[in-house]
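Student: Sharing a model prediction with you, sequence too.
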Amino acid sequence: TQLLEQSPQFLSIQEGENLTVYCNSSSVFSSLQWYRQEPGEGPVLLVTVVTGGEVKKLKRLTFQFGDARKDSSLHITAAQPGDTGLYLCAGTTSGTYKYIFGTGTRLKVLA
Amino acid sequence: NAGVTQTPKFRVLKTGQSMTLLCAQDMNHEYMYWYRQDPGMGLRLIHYSVGEGTTAKGEVPDGYNVSRLKKQNFLLGLESAAPSQTSVYFCASSYSGATQGPICEQYFGPGTRLTVT
């Protein structure tokens, strides 16, 4: 069974601080996605990375796919209260129609 | 354009009762998925469909059945609800699955919160 472990599970920081969330697996993925989920809503896609070593930036968010395509990280610079939510990574392997979701990181940014 | 909608939003069942959750999408997506979300466990795939009339099992299919009679609808059934099925259920759809070309975004519904007592 493929597993995606995320760390930390919970994170509470002050506005303006930086943070990094990790998504790790022993399996190789052909691509990896990051989603953000707000209370009472479904997850919303932030980014997809497909190439080992790939780095993508979305405003203050930086996403990296590991060279071996087994892990990924999400770095937020100068966090804002609007960044509060549950962050989920999801991996896919070629030849399947399925996405494997990580365990999630719940972020709270305090004003 | 409503995207993905789920009915109902909340439901309380007694053990042994049955119910059907309805998912509808208006984006003409081929692929549809049912997930359950439990604290500390992320999203787990229950069943999925790669097209009208087709369904397949995901990671945790036991106790659930699905049907995709129309392209826009994906139904999740619980024949005899158990307390272990207390969860938040999410439906998602995507234009194509992971095997076809660039990886596509999944669009999620708002969820159904189910409690089984």
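Tutor: Sure, I can see it.

Student: Any idea which residue of chain B lies closest to chain A?
Tutor: Here chain B gets closest to chain A at one residue, residue B:108, 2.8 Å apart by C-beta to the nearest C-beta. Backbone N, C-alpha and C define where each C-beta goes, glycine included.

Student: I figured that residue was touching residue B:91, is that so?
Tutor: Yes. Look at residue B:108 against residue B:91 with C-beta atoms under 8 Å: they come within range, at 7.2 Å.

Student: Which one of these two is surrounded by more residues?
Tutor: Of the pair residue B:108 and residue B:91, residue B:91 is the one with more neighbours under other C-beta atoms under 10 Å in any protein chain shown, namely 29 against 23.

Student: Mind listing the shared neighbours of residue B:108 and residue B:91?
Tutor: residue B:4 (C-beta atoms under 8 Å, 6 or more residues apart in numbering or on different chains).

Student: Show the contacting residues for the nearest residue to residue B:87 once chain neighbours are set aside.
Tutor: For residue B:87, ignoring the flanking residues on the chain, the nearest one in space by C-beta to C-beta, 6 or more residues apart in numbering or on different chains is residue B:36 at 4.3 Å. Neighbouring residues of residue B:36 by C-beta under 8 Å, 6+ apart: B:43-44, B:46, B:60, B:85, B:87-90.

Student: now do residue B:32
Tutor: By C-beta under 8 Å, 6+ apart, the contact list for residue B:32 reads B:23, B:25, B:48-49, B:68, B:74, B:91-93.
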